[in-house]
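Enquirer: below: sequence and its predicted model.
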Amino acid sequence: MTRGAAGADLLTAPNGSGLAAPLARRRPAFRRRVVRAAAPYALLTPAAVVITGVLAYPLYKLVRLSFQKYGLFELVRHKGEDIRFANYTHILHDSLFWHVVARTVLFAAVNVGLTIVLGTLIALLLERLGRTMRVLLTTGLVCVWAIPVVVSVAVFQWMVDFQFGVVNWLLTQLHIVDYQHHNWFTNPWQGFAVITALIVWGAIPFVAITIYAGLAQLPRELVEAAEVDGANAWRVFWNITLPVLKPIFVILISLSIIWDFQVFIQVWLMLGTTPSEDYYLMSVYSFVESFKISEYGLGSAIAVVMVLIMLSVTFVYVRQMVRIGEAD
Amino acid sequence: MSSTTQLAPGVAINLPKRRRSRRHLAHRAALNATAAVVLVVMLFPVYWMVSTAFKPGKDILTLTPTWLPSAPTLANFTDAINRPFFWSDVKNSLIIVSTVVAMSLVLAFLAALALAKFRFYGRSAFIVMIIGVQMVPLNALIIPLYILLSGAHQVDKLSGVIITYLTFVLPFAVWTLRGFVLGVPKELEEAAMVDGCTRFGAFLRILVPLVAPGLVATSIFAFIQAWNEYLIAYVMLNSPEKQTLTVWLASFTTVRGTEWGPLMAGATLTALPVVVFFLFVQRRVAFGLTAGAVRG
Amino acid sequence: MRYLTAAALALALAIAAPTASGRTNAADAPTATSATTLRVWLMTDANGWMDVVNAANATFKAQHSGVDVKVEIQTWGDHLTKFDAALAGNNAPDVVEFGNTELAKYMAAGALADLTRYKAGFPNSKTWLQGLADAGTYRGKFYGVPYYAGARGVFYRKDFYKAAGITSLPTSLDAFSKDMAKLMKKYGKDSNFSALYFPGQYWYAAMSFVYDYGGAIARFKKGKWVGTLDSSLSQKALTRLKALVRASSRADRTGKEDTQDEVFAQGHVASLIGNGWEWGVITDPKTGNPALDAQLGAYPMPSHIKGKVMPTFLGGSNLAVPVTASDKQLAVDWIKAFTSTSSMRQLASGAGVIANTTVLANVNASKPKLAPFARAAARSWFVPNSPNWVQVENAKVLQNMLVAIFTGRKSIPAATKSASKQITSILNS
């Protein structure tokens, strides 16, 4: 039973028997209006309650901690020392911090770009494949998605290992470069290339599958009509597919920005839980301050600044997203 | 093989077989080849993980790559399964994940409907909250979260972990489902209601099936997020019989280093349920060309 | 929707199956609740000697019948984060295992209970390994009971040594260097071969040289810490080490020692410096090559002073009681049961680690696989016992210094000077 067929059944039902029903119901107009007005709040409440119930206190505490000196000493005594904006001024005057911010922004931009572009290409590919190949490819993508991060980091580490790296071996065999005893992580650019590969690899399945799901909602007729009119694949994509899928793209891009901005565990594990300062991204820096150096106040302040930066970077998108659907 | 095209609701025609021109075949072949290459590249690390799970120790880290185990062994798997509390960890992970997926789908779908279909006071605020909440790094919240859950006696309880996971999955789920709901044109529902459906009937028969791919994608996302999450599960759960599989995986690293073979075997086992879940629900992710909907 | 229902059913079945099949561990059964519970945090390594843990629990139970012991296993990755959260949430356990380098921070913050008045009552407290006892002491007060230790020695391939003409094991650093040269002469043509596999960031092994020559990472003088890696003795040691590594090792000069056992198992390495338990890693069929067991041997790293062993870093763990524990006596009693002589003897002989007391040194002395490491532990060194030491490790001061030295990027005087400066400022901050 396909969805289209179901719709057809409904819409071709004889008019007579159906139309009588709503007119026959006599509901007081006022009660109906009240129900209508209350409906969205009722629908929203469960989700809102869960989110605010769990996060309200921790978020408040996070902001409060950022204004305190709160080390291990204070943690044991459950009492922090109020130092007002000292944490923030410390961060803003720290040159390391600004390097970390710049690095995080660049890193997120590259990752988001690669993920979205490659994910879209794969989604388009999926759309054009025959059934067997498509199921194969989607299952493969889900396998990738299913691997726990701890494990995928280990596998990527091995692939570029100084001694055992299969990628090193391949590159040497193919005479592209001699990487026989090459440590990819001495040079942060190369190290981040490996980390980017890992993250993009892990993020593609979700993006590809979601865009593919969106493509499924795209009416074939529009595409076929355009093709009949002589448009090539690129024009079809740009003029028809993209506008229709715009809401989904906005969502995916903004989500990817938020996630890639917060990348932590891959860098942390790849560098053996002791990354050097060259590898600090904002979340790594915050974690190190909080848990390694046990300065929770400072770590919290860094996290708050991180959120503010993310909000400003995604401001345009957030505004877009708030506006989407407002026209109806 | 003929293709069915919908020209209008309820009117489908069968187009005659397209002539298999050489160009068409070559095009097909090229697509399949590309798909194969993509598959190989994406799956390479997965293959590496699975083949390592079957390798004896000396084949695992070798100076020249060992593509297939020289003497495939199940020792890594038996070692992994026989570690203490494996089965209770599986049970706990399954309980947590199925609850999180089910609840998040329901709650998020309701909220997405509210956001997409109604205009109401506070809508923008809620949207901004949902987006903003996703920007806060989890690590920064761990200690306050623990204090909160501890105060509510939810530490060392699966319910505490479930509610925390829900909190992190919901914003994303609401967000994505809203997009999918918005993608279904109002006209379809309105047409159904004109034809005699109640609002709820239109919802059930038009909206839900069309949003189904979004529901599936969201459920897979929720499944994976909950299945692979480590830090919250580790910090919030104390009793050994209450741990999850991710914590179990972390226990393969001792002060003596990591036992790679058993870890990869454990990881393969951990990844299996996700793939199984996906195979069950994948049919719902529009795999047919006949799923077109008319847009006015 | 059909499929979602099917999926839900499948999940439900999957949940029911394991419990129904009866294939649950005996340990899975929930512990009975009792009047009081004593919570103990041990690291995953304890899974390897659960019998010792169970025996200690039994002894404790006999003493305190109304108290239930709950052992919770922690993973090395985030156990301190979890501990911090538990402290903040007033939910800390009663006994916690810490790696010996992790204690200083918590001792200084007042997170651990002062056990000074119980110290004399612990089994073998007079013969504890100095390194471990020092790690558990801060400003004269005692907080962490020594648990077990690991010492490093040299693993070697008997067949390679024999083929290279080494007839007796070296007893001085000079003899060692000469032996390495012989090995490189015989096998050096293989680009993967190392006579001594020494990755650049291996500071535990590198600092042994420094302490052997009389230098130190830092010393506490007149109330302040002073980094002393730039002292003449330290520099002499590092010069010696650099020459040795340059001549004998093909390992990554910028890399870590995490996978050295796997490399050794591949068969292109003649010797490496490792902990006693690495024997198991090299020869275990799951991680290494069991065929090597016959050819594997070990000896303590010789000092530059003939006849002595080079001081080894005494890694290991201590057991502490968080200051929030409700009944310190109970916690202390459990620790006493767990670190009793019989318990330690079982630990040493079964798991092959070094017990916390010199009294049991002979347990390992009779075993060829453990004796060299027990001998190596005779001279040991430990990191500066400052609560800020953790930051030095986090900043990778030592690793960066060594990498700069081994790769030649910085000269030894320059590298040690900047490292010492950094150490001084961090430790005193």
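Expert: On my side now, so go ahead. Numbers count the residues shown, from 1 in each chain, chains lettered A, B, ... in the order given.

Enquirer: any idea which residue sits dead centre in the chain?
Expert: No chain in the question, so chain A it is. For chain A, A:Ser256 is the residue whose C-alpha lies nearest the centre (CA atoms, centre = their mean; 3.1 Å).

Enquirer: that's the wrong chain, I meant chain C
Expert: Chain C has C:Gly315 as the residue nearest its centroid, 3.3 Å off, counting by CA atoms, centre = their mean.

Enquirer: who is it paired with across the strands?
Expert: C:Gly150 (DSSP bridges).

Enquirer: could you check which helix or strand contains the closest residue to the residue nearest to the centre of chain A other than its chain neighbours?
Expert: Closest residue in space to A:Ser256, ignoring its immediate chain neighbours: A:Val112 at 4.4 Å, by CB to CB, 6 or more residues apart in numbering or on different chains. Every residue, glycine included, has its C-beta placed from N, CA and C. Assigned by DSSP states H and E, A:Val112 belongs to helix A:95-128.

Enquirer: C:Ala175 now?
Expert: Going by DSSP H and E, C:Ala175 is in helix C:173-187.

Enquirer: distance between that helix and the chain's centre?
Expert: Averaging C-alpha positions (CA atoms, centre = their mean, to the nearest Å) puts helix C:173-187 28 Å from its chain's average.

Enquirer: tell me the helix or strand right after that helix.
Expert: Later in the chain than helix C:173-187, the nearest helix or strand by DSSP H and E is strand C:194-197.

Enquirer: which helices and strands does the helix holding A:Val112 pack with?
Expert: helix A:131-146, helix A:188-216, helix A:242-261, helix A:282-287, helix A:296-313, helix B:22-53 (3 or more CB pairs under 8 Å, 6 or more residues apart in numbering or on different chains; DSSP states H and E).

Enquirer: any idea which of those scores lowest on pLDDT?
Expert: Note on the helices and strands packed on helix A:95-128: lowest mean pLDDT is at helix A:242-261, with a mean of 84.

Enquirer: what residues of that helix count as buried?
Expert: Neighbour counts over helix A:242-261 (16 or more other CB atoms under 10 Å in any protein chain shown) mark A:244-245, A:247-261 as buried.

Enquirer: near the residue in the stretch 101-250 of chain C that chain B sits nearest to, how many other residues are there?
Expert: Closest to chain B within the stretch 101-250 of chain C is C:Asn192: 5.7 Å, counting by CB to the nearest CB. C:Asn192: 16 surrounding residues under other CB atoms under 10 Å in any protein chain shown.

Enquirer: report the buried residues of whichever helix in chain A runs longest.
Expert: Secondary structure assigned by DSSP state H gives helix A:29-66 as the longest helix of chain A. Residues of helix A:29-66 classed as buried: A:40, A:43-44, A:46-48, A:50-51, A:54-55, A:57-59, A:61-62, A:65-66 (neighbour count, 16+ other CB under 10 Å).

Enquirer: ok, and which of those residues reach chain C?
Expert: Among the buried residues of helix A:29-66, no residue sits close to chain C (CB under 8 Å from any CB of the partner chain).

Enquirer: and the residue nearest to the centre of chain C, how close does it get to C:Leu132?
Expert: Note on C:Gly315: its distance to C:Leu132, by CB to CB, to the nearest Å, is 10 Å.

Enquirer: again with C:Ile217
Expert: Shown here: C:Ile217 relative to C:Leu132, a distance of 18 Å by CB to CB.

Enquirer: and C:Gln329, by the same measure?
Expert: 23 Å.

Enquirer: swap in A:Arg235?
Expert: The gap separating A:Arg235 from C:Leu132 is 73 Å, by CB to CB.

Enquirer: cool, C:Leu319 as well?
Expert: In this view, C:Leu319 and C:Leu132 are 10 Å apart by CB to CB.

Enquirer: and stretch B:157-172, what's buried?
Expert: When burial is assessed from 16+ other CB under 10 Å, stretch B:157-172 yields the following buried residues: B:157-158, B:160-172.

Enquirer: typo on my end, it should be stretch B:111-130
Expert: Going by neighbour count (16+ other CB under 10 Å), the buried part of stretch B:111-130 is B:111-117, B:123, B:126-127, B:129-130.

Enquirer: now do the contacts for the residue of the stretch 101-250 of chain C closest to chain B.
Expert: A:163, B:63, C:250, C:266, C:268 (CB atoms under 8 Å, 6 or more residues apart in numbering or on different chains).

Enquirer: let's see that with 10 Å instead.
Expert: The contact partners of C:Asn192, by CB atoms under 10 Å, 6 or more residues apart in numbering or on different chains, come to A:163, A:180-181, B:63-64, C:250, C:263, C:266-269.

Enquirer: also B:Leu207?
Expert: By CB under 10 Å, 6+ apart, the contact list for B:Leu207 reads B:113, B:116-117, B:180-181, B:184, B:186, B:188-189, B:192.

Enquirer: show me the strands in the stretch 301-429 of chain C, by range?
Expert: With DSSP state E, counting those that start in this stretch applied, the stretch 301-429 of chain C shows strands at C:312-313, C:315-320, C:354-355, C:380-381, listed in chain order.

Enquirer: just the terminal-to-terminal distance for stretch A:231-240.
Expert: One end of stretch A:231-240 to the other measures 10 Å (CA to CA, to the nearest Å).

Enquirer: quick check: buried residues in that stretch?
Expert: Under 16+ other CB under 10 Å, the buried positions of stretch A:231-240 are A:231, A:236, A:240.

Enquirer: so what's the backbone phi/psi at the first one?
Expert: The one in question is A:Ala231. Main-chain dihedrals, A:Ala231, degrees, to the nearest 10: phi -80, psi 140.
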